[in-house]
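>>> Need coordinates for the below:
(one chain, ligands or ions: 2)
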Amino acid sequence: MDIKSVGIVGAGQMGNGIAHVFALAGYDVLLNDISQEGLDKALALIDRNMERQVSRDKISAEDKAAALGRIRTTLTLADLGPTDLVIEAATERETVKQAIFEDLQPHLKPETILTSNTSSISITRLASRTDRPEKFMGFHFMNPVPVMQLVELIRGIATDTATYETLLAVVERLGKTAASAEDFPAFIVNRILMPMINEAVYTLYEGVGNVRSIDESMKLGANHPMGPLELADFIGLDTCLAIMNVLHDGLADTKYRPCPLLVKYVEAGWLGRKTSRGFYDYRGETPVPTR
Ligand SMILES: CC(=O)CC(=O)SCCNC(=O)CCNC(=O)[C@H](O)C(C)(C)COP(=O)(O)OP(=O)(O)OC[C@H]1O[C@@H](n2cnc3c(N)ncnc32)[C@H](O)[C@@H]1OP(=O)(O)O
Ligand SMILES: NC(=O)C1=CN([C@@H]2O[C@H](COP(=O)(O)OP(=O)(O)OC[C@H]3O[C@@H](n4cnc5c(N)ncnc54)[C@H](OP(=O)(O)O)[C@@H]3O)[C@@H](O)[C@H]2O)C=CC1
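Ligands and ions are numbered 1, 2, ... in the order given. You can find the predicted model right below:
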């Protein structure tokens with residue numbers, strides 16, 4: 001199938017990044033969210049991130065203007081009905097995602113491919129609640145989307161080959177690299193990355209190190225571009241906890257037990273960069289460790 005238009009549900013950090021790369025690759029993009037403020041913020045961020053690419057000669061000012069012209073926004077989910085491909089990038093909660101697919105379904109063309117950018121949730125289970133499990137896939141972009149090369153492609157048990165091949169061609173047109181993962185909790189990247197982040201929070205919880213020493217150790221001692229706690233704040237602590245819960249529930253192994261300190265930060269509403277406070281406090285000029 002030739003994909004020309006893309007509907008994106010959820011205009012958070014992933015939704016805006018996904019809209020950014022699809023628009024630059026020439027797709028017509030329709031971005032949906034439940035709040036107008038969310039949509040306005042996403043458009044402003046896309047503009048700023050594209051401007052950075054212009055200033056670094058990655059794209060031309062004409063490319064930027066054309067891409068921005070291809071992005072439309074809507075608060076009405078049903079408006080995504082005529083698009084060829086839908087990418088759900090709303091909050092990492094299964095009930096939220098299921099409700100979106102249920103509400104969207106009556107408005108879709110029969111041939112529209114449905115995908116979720118979920119970090120961890122079963123694709124087979126999400127697909128089984130729709131009218132098209134054979135045209136449903138996990139389409140997992142990495143954060144920040146304009147920079148990260150990888151896209152994980154996850155087939156549910158019922159996904160057909162044509163759908164997989166269509167998405168493979170889309171990834172190629174985006175100039176990114178696809179990796180196929182089987183549909184087990186958190187797939188490949190987060191199966192490996194999230195237990196490391198959770199272990200970093202245990203290292204903090206048990207007093208082995210403080211926020212700064214843990215992050216410095218992994219940056220300077222293991223050459224990670226960001227320390228694990230800085231990265232957790234960047235991803236969102238609510239998302240990190242949701243992924244750990246999916247691993248813990250889905251694999252029934254205590255080694256995936258979310259650190260109680262991670263739970264406490266989420267309970268406090270300290271979700272990382274997006275709420276200006278997490279393992280670091282971002283409200284001042286420079287981030288200040290909270291422990
Ligand atoms: C949770 C999940 O389900 C899965 C996940 O996504 S897990 C998270 C995966 N992501 C990571 O692990 C990210 C780890 N961090 C990094 O790789 C780096 O810190 C980083 C790329 C984010 C920033 O790198 P940096 O060197 O500190 O910053 P900076 O020099 O400003 O940026 C590097 C490049 O990225 C670009 N960039 C950064 N953020 C950008 C954005 N949002 N949009 C466009 N470009 C961006 C910059 O323009 C710059 O480009 P050039 O090298 O071409 O000049
Ligand atoms: N953060 C990351 O590093 C990565 C995240 N992901 C996955 O991407 C998805 C989105 O994550 P992320 O962008 O970080 O999360 P954010 O919290 O930044 O954004 C989620 C967005 O979805 C909106 N939303 C919530 N419910 C609905 C709904 N019913 N309809 C439309 N929009 C809705 C939220 O609005 P409001 O704020 O008003 O609630 C918010 O704007 C998750 O599944 C996550 O696991 C995948 C790869 C990396």
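>>> Could you show which parts of this structure are in contact with ligand 2?
Within reach of ligand 2 by C-beta under 6 Å from any ligand atom, the chain has these residues: 9-15, 32-35, 38, 89-92, 96, 100, 117-119, 141-143, 235-236, 239, 274. (C-beta placed from N, C-alpha, C; glycine too.)
>>> if we look at ligand 1, which of those are close to it?
The residues of the residues of the chain next to ligand 2 that also fall near ligand 1, by C-beta under 6 Å from any ligand atom, are 119, 142-143, 235.
>>> Which residue is the nearest non-sequential neighbour of residue 130?
Closest residue to residue 130 apart from its sequence neighbours, by C-beta to C-beta, 6 or more residues apart in numbering: residue 101 at 5.1 Å.
>>> so that neighbour sits in a helix?
Yes - under DSSP: H, G, I helix; E, B strand; the rest coil, residue 101 sits within a helix.
>>> okay, now it: neighbour count?
21 (other C-beta atoms under 10 Å).
>>> need the contact list for the residue in the chain positioned nearest to ligand 2.
Nearest residue of the chain to ligand 2: residue 12, at 1.8 Å (C-beta to the nearest ligand atom). The contact partners of residue 12, taken as C-beta atoms under 8 Å, 6 or more residues apart in numbering, are 33, 38, 42, 89-91, 274.
>>> mind listing what's buried in stretch 38-55?
Across stretch 38-55, burial judged by 16 or more other C-beta atoms under 10 Å covers 38-39, 42-43, 45-46, 49-50, 53.
>>> ah, wrong one, I meant stretch 101-117
Residues of stretch 101-117 classed as buried: 101, 104, 108, 112-117 (neighbour count, 16+ other C-beta under 10 Å).
>>> cool, and stretch 20-30?
20-25, 27-30.
>>> what helices or strands is the helix or strand containing residue 21 leaning on?
Per DSSP states H and E, residue 21 falls inside helix 13-24. When contacts are defined as 3 or more C-beta pairs under 8 Å, 6 or more residues apart in numbering; DSSP states H and E, helix 13-24 packs onto strand 5-9, strand 28-32, helix 36-55, helix 61-69, strand 136-141.
>>> quick check: angle from that helix to helix 36-55?
Relative orientation of helix 13-24 and helix 36-55, computed by axes from the mean of the first three to the mean of the last three C-alpha atoms, to 10 degrees: 50 degrees.
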